[in-house]
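J.: below: sequence and its predicted model.
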Amino acid sequence: MQPVKLTILGKYWDSQIYAGKLYLFNLEGDIQTVRWDRLIEDVNVKGELKLALSCAFTQSSLLYGDGSQPFVSDIEIKEVIRKKFELLLLENINIDQKIKFENLNYKSKQQSPFPFPHTDSCIYGKKMFIGSREGLFQASCDGKTTYAVSTRVTKGWDSAISSLSASYRSLAIAAGPEGLFEKSLDDGSLSFAKKESSLLMKGNFTSCNWLYYSIYGSSNVEGGKLADFKQVDDEDISEDELFKTIYSSRGNSKKRKLNKVFTDKKLFLNSGSGYSWGNQDKIFIANDNQISILKYKPWDHENKFTALNTLNLHAWKGQVISAATALFGTVIECENAIVVLPTEGDPITIPGEPINWRIFTRSKNYENQLHIIYDDRLEIYSFNHDYFVDQDEKVLGIRRPSTFRSRYR
Amino acid sequence: MPPTNDFNTDNPLYVIHPHHRNGMRTKSQWTIPQPEEMSCFSDSYLTIWRTHGAGWGLHVINLTPNFLGISKDQLRNLFIAKFVCKAGQQEWHGYPADHQIHTQDRPTTEILNSWLNSNILPAAKIRKISKGQPCSL
């Protein structure tokens, strides 16, 4: 099943989608925040396709949630749902912002209070975090301020940041040649009083992501590394040891401690050098003509890593620049194209060099989306095949999360 | 090439630094001739592409940036020049900047914004430079 595509015309640098709002950073350095759910409601499609449209763009949880499993597993109901998405594919959904956004702006367009252009952004716990050449910045986006993103910006840390990723009430920071850091968000402060104490791994990292409560740092020059954490009891931690706390959605907590750092050369013994990355239960490495995949279970001390497939692929569309893995599949940015390897079906090549791209793997309702920004538009791809795929057996996407989820609310 | 201070503003002195033209693998190396290195500096200086004591330049031919150097490990062609001067002086020298290896070789946000606004580099390249990702022309 091909993805459904929605195009928003305009000149953008970055996009974020969170709690019913679409945040658009345009090339002039402004932030325009749009009521996303209302925008989708207003899209003109036939009545029988409204449900598919909603699942595709505003409520993927309707089909990913635990309660939906009996329905997506039913042979007859599955085919009805599939058919709706296939019909939705035939709709060509373009949004001209001049017409639509005037009525759907959430508060006024604002000048970005952050350095522009920034290197990365993420939203977590109703706060927007921005990484830039000049450091780390934070501002509230809880809807209680005059603008959608508060102009009261807190700055922490003066070093250049390549990438940010938030989970488990912490911020993982890829700081290029300075290494990979983790900063707790519990105390509400952004400052790094002791920079050295937050350093997880030395290396030159351009991207980072969470694998459950562990963190993977990706590198374009030195090879990626996994900071493998383990859950521990309080009595197993000495006073000066680096530990973090995991909070469950039920409010109880556990502690995690850095166990070991694995290089990608150690993880992928027979794969040669390449670009590696990880998310949730999967670790990947891509080199010239193949992708190798590991399954990762940090809690299983006997079988923490299990080799899955090695896929042979056609020649890349240039060098691998970056990659990430979502529920729906793996996204690989090459020099001149983005290649999506879905959990079911053939690879999809999207030609062109993007300004930026993003997936939202920790989102509740937008985890099936891929945002790609080009010179004159934002393309939002919605992948809807994965609802019907066996989550335990699939290889190219992360496993649908279980009920336990560490979230900061 | 003898140093020259024939500029319109502040009469800076530019010196060709031998470490970046000796073929050694300890530093990045210029691959363009010395007169073009000088032109790169003068263009950078006159367009005021400098912040916090460092200047940034591009080797532009027919409105298009071109490669101007090679990384010290000779694995990457480089297209950004960084110019530095001694504190309190106006003596400058420059070198091809390797944005993937050294954070200090990534232009500041202000410079990148200037390049973005002037369309001298596409936004996609600006993003890759700022993140330290591989970037070719």
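T.: Here it is on my side, so go on.
J.: now A:Phe137: closest residue in space, sequence neighbours ignored.
T.: Of all residues not flanking A:Phe137 in the chain, A:Ile130 sits nearest, at 4.5 Å (CB to CB, 6 or more residues apart in numbering or on different chains). Just so you know, the C-beta spots here come from the backbone N, C-alpha and C atoms, and that holds for glycine as well.
J.: cool, and B:Lys125?
T.: Take B:Lys125 and drop its neighbours on the chain: the residue closest to it by CB to CB, 6+ apart is B:Cys135, 5.5 Å away.
J.: that neighbour: neighbour count?
T.: Around B:Cys135 there are 23 other residues, counting by other CB atoms under 10 Å in any protein chain shown.
J.: that one - that's part of a strand, no?
T.: No - using DSSP: H, G, I helix; E, B strand; the rest coil, the assignment for B:Cys135 is coil, not a strand.
J.: start to end distance for stretch A:5-16?
T.: One end of stretch A:5-16 sits 17 Å from the other (CA to CA, to the nearest Å).
J.: cool, and stretch A:111-131?
T.: Span of stretch A:111-131 from end to end, CA to CA: 17 Å.
J.: which pLDDT value belongs to A:Ile99?
T.: If you check A:Ile99, the pLDDT there is 59.
J.: if you could redo that for A:Asn94, that was the one I meant.
T.: Reported pLDDT for A:Asn94: 77.
J.: what's the burial count for it?
T.: A:Asn94: 12 neighbours (other CB under 10 Å).
J.: surely it meets A:Val43?
T.: No - using CB atoms under 8 Å, A:Asn94 is not in contact with A:Val43; the gap is 9.9 Å.
J.: which neighbours do these two share?
T.: In terms of CB atoms under 8 Å, 6 or more residues apart in numbering or on different chains, A:Asn94 and A:Val43 are both contacted by the residues A:Leu6.
J.: surely the residue nearest to A:Phe137 is within a strand?
T.: Yes - using three-state DSSP, the assignment for A:Ile130 is a strand.
J.: beta-bridge partners for it, please?
T.: Beta-bridge partners for A:Ile130, by DSSP bridges, are A:Ser121, A:Phe137.
J.: that one: what's it in contact with?
T.: A:Ile130 touches A:114-115, A:118, A:120-121, A:136-139, counting by CB under 8 Å, 6+ apart.
J.: chain A contacts on chain B?
T.: Within chain B, the positions near chain A by CB under 8 Å from any CB of the partner chain are B:100-103, B:106-109, B:112-113, B:116, B:122-124, B:126-128, B:130-134, B:136.
J.: where in chain B is the helix or strand with the lowest mean pLDDT?
T.: Every helix and strand of chain B was ranked by mean pLDDT, DSSP states H and E. The lowest is strand B:50-51, at a mean of 80.
J.: what packs against it?
T.: Judged by 3 or more CB pairs under 8 Å, 6 or more residues apart in numbering or on different chains; DSSP states H and E, strand B:50-51 is in contact with helix B:109-117.
J.: next structured bit after the helix it packs on?
T.: Following helix B:109-117 in sequence order, the next helix or strand is helix B:123-131 (DSSP states H and E).
J.: all strands of chain B, in order?
T.: B:13-14, B:29-30, B:50-51, B:54-61, B:64-66, B:69-70, B:77-78, B:80-85, B:91-97 (DSSP state E).
J.: which one of these has the lowest average pLDDT?
T.: Least confidently modelled of the strands of chain B is strand B:50-51, at a mean of 80 by mean pLDDT.
J.: got the residues of chain A near chain B?
T.: Proximity of chain A to chain B, by CB under 8 Å from any CB, involves residues A:13, A:27, A:29, A:115-120, A:132-134, A:159-160, A:162-163, A:175-178, A:204, A:206, A:220-221, A:319, A:321-322, A:335, A:353-356, A:375.
J.: ok, of those residues, which come out buried?
T.: A:13, A:27, A:29, A:115-120, A:132-134, A:159-160, A:162-163, A:175-178, A:204, A:206, A:220-221, A:319, A:321-322, A:335, A:353-356 (16 or more other CB atoms under 10 Å in any protein chain shown).
J.: quick one: low-confidence ranges for the stretch 1-150 of chain A?
T.: For the stretch 1-150 of chain A, residues meeting the criterion pLDDT under 70 lie at A:96-100, A:102.
J.: strand partners of the least confident helix or strand of chain B, parallel vs antiparallel please.
T.: If you go by DSSP bridges, strand B:50-51 pairs up with strand B:54-61 (antiparallel).
J.: buried sites along the strand it pairs with?
T.: For strand B:54-61, the neighbour count (16+ other CB under 10 Å) marks B:54-59 as buried.
J.: tabulate those residues (JSON lines), appending distance to B:Met24.
T.: Shown next, in JSON lines, are the buried residues of strand B:54-61 (distance: CB to CB, whole Å):
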{"residue": "B:Ala54", "distance to B:Met24": "23"}
{"residue": "B:Gly55", "distance to B:Met24": "24"}
{"residue": "B:Trp56", "distance to B:Met24": "24"}
{"residue": "B:Gly57", "distance to B:Met24": "22"}
{"residue": "B:Leu58", "distance to B:Met24": "25"}
{"residue": "B:His59", "distance to B:Met24": "22"}
